[in-house]
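Visitor: Need the 3D shape of this:
(one chain, ligands or ions: 1)
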Amino acid sequence: MPEACERRLERGQLTSGIPVARRVRGEERIRLVQAGQPGERVDVQIVRELLHRSGKATDRSPRTARGRNTIAPVEIAGPSLLLRFASAGDVPDLFRLGADPEVTRFFSWGPYVSEAEPAAYVHRLAGERAQGIRLDFLIVRDGRPIGVTGLSELSARDRRAVVGTWLGRSHWGTGANRESKTLIAHLAFAVLGLERLGAYAEVRNGRSQTALEHLGFQREGLLRRWHRHGESVHDVLLYSWLRSEWGRSELARVPVQVRGEPPPAFLLTPSAFPKPVSSGVVPS
Ligand SMILES: CC(C)(COP(=O)(O)OP(=O)(O)OC[C@H]1O[C@@H](n2cnc3c(N)ncnc32)[C@H](O)[C@@H]1OP(=O)(O)O)[C@@H](O)C(=O)NCCC(=O)NCCS
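Guide: Numbers count the residues shown, from 1 in each chain. Model (predicted):
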């Protein structure tokens, strides 16, 4: 954010009033918005940073003074799949896909037993996107959701995140995993500027391990007692795919279309890299 804007933000003057006030619900954001001059125009990216700093950001599209959306939530389209954010209307499909115990066998959650579970998941997503905790997408084929893929464990400073994917069982072995990873890798490396995509696979999940290895992920080692599912604790294999490896892979040449913009918390702008503080005891 330019310095002049930062000063205005501190003085409570950096607001656009009209566009933002309509779309925010949190009290703090409304207060900031109301401090602005009516009719003042502010760069949309600055408004998004402002909302992000308030800690209550949403990634819904800011609106212009005339009420039109100016920024759409990010969507990634490939030859046969679309990655888009889930909404409440997707709950029945998510329930159907995630109610299969084979699908969730190696997860800490599931199988779903009621629609309230995927509904709670969908409800959490916007907040998790805004806070940089999780950036999950529905994998959609021919207009129907077939699974989920997404990024978590984002480290903006180190430019890395972890990718995780699950598909309804009838979509295993159909190429959907490969294409969905192609799309999320494009987002991670080409759009967000990540350096490394990590991935976990439970030691007994041979299918997931082979799938990762066929895509080009390198096995790095065993994480002992890494995941806890209820009372059981599991060893997990750690994989990674680096930006340079992706760049040499044929997957980087698959035509991919990105529409809209990622949530600000996942955009690795210079402000995402604070100056290192030398008081830590852990080498970093
Ligand atoms: C993991 C997942 C996304 C992979 O997608 P997929 O479509 O099944 O993967 P692919 O078919 O592309 O690749 C799987 C490979 O593993 C092989 N495989 C199948 N069972 C296997 C086993 N028990 N051990 C080792 N390899 C196995 C398949 O033959 C295939 O290899 P091939 O391409 O040479 O035929 C999907 O299986 C899934 O959703 N599983 C449930 C959720 C899950 O475990 N997610 C991973 C979290 S770590």
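Visitor: list the buried ones in the host helix or strand of E128?
Guide: Element membership of E128 [criterion: DSSP states H and E] is helix 116-130. Neighbour-count burial for helix 116-130 flags E117, P118, A119, Y121, V122, L125, A126, E128, R129, A130 (criterion: 16 or more other CB atoms under 10 Å). (C-beta placed from N, C-alpha, C; glycine too.)
Visitor: pretty sure the last one is in contact with A265, am I right?
Guide: Going back to what we said before, that points to A130. Yes. In this structure, A130 is within contact of A265 by CB atoms under 8 Å, at 6.2 Å.
Visitor: and for stretch 223-237, what are the contacting residues?
Guide: With contact meaning CB atoms under 8 Å, 6 or more residues apart in numbering, stretch 223-237 is reached by F106, F107, S108, Y200, A201, E202, V203, Q209, R219, G221, L222, L238.
Visitor: Now do that stretch, average pLDDT.
Guide: Mean per-residue pLDDT for stretch 223-237: 95.
Visitor: Give me the buried positions along it.
Guide: For stretch 223-237, burial by neighbour count (16+ other CB under 10 Å) applies to H234, V236, L237.
Visitor: The last one pairs with what?
Guide: Put plainly, it is L237. Beta bridges link L237 to A201, L222, judged by DSSP bridges.
Visitor: Look up how far T210 lies from it.
Guide: Distance, L237 to T210, using CB to CB, to the nearest Å: 12 Å.
Visitor: Next: A176.
Guide: Relative to T210, and taking CB to CB, A176 is found at 15 Å.
Visitor: Who has more neighbours out of those two?
Guide: Legend: neighbour count by other CB atoms under 10 Å for A176 and T210, higher for A176 (21 against 11).
Visitor: show me what contacts the more buried one?
Guide: Counting by CB under 8 Å, 6+ apart, A176 has contacts L81, I139, R141, I146, G147, L167.
Visitor: can you rerun that using 10 Å?
Guide: Going by CB atoms under 10 Å, 6 or more residues apart in numbering, A176 touches S80, L81, I139, R141, I146, G147, T149, T165, L167, G168, S170.
Visitor: Please identify which of those is nearest to R159.
Guide: T149 (19.3 Å; CB to CB).
Visitor: what helix or strand does the closest one sit in?
Guide: strand 144-155.
Visitor: Partner strands of that strand and their direction?
Guide: strand 134-141 (antiparallel), strand 160-167 (antiparallel).
Visitor: Helix or strand next in line after the last one, which one?
Guide: Same thing as strand 160-167. helix 176-185.
Visitor: Any chance you could list residues touching both of L237 and T210?
Guide: Common neighbours of L237 and T210 (CB under 10 Å, 6+ apart) are A201.
Visitor: what's the domain layout of the protein?
Guide: 3-53, 75-272 (automatic domain parsing).
Visitor: mean pLDDT lowest for which of those?
Guide: domain 3-53 (a mean of 39).
Visitor: Angles on the backbone of the residue of the chain found nearest the ligand, please.
Guide: Proximity of the chain to the ligand (CB to the nearest ligand atom) peaks at G206, 2.4 Å away. The phi/psi pair for G206 (degrees, to the nearest 10) reads phi -60, psi -40.
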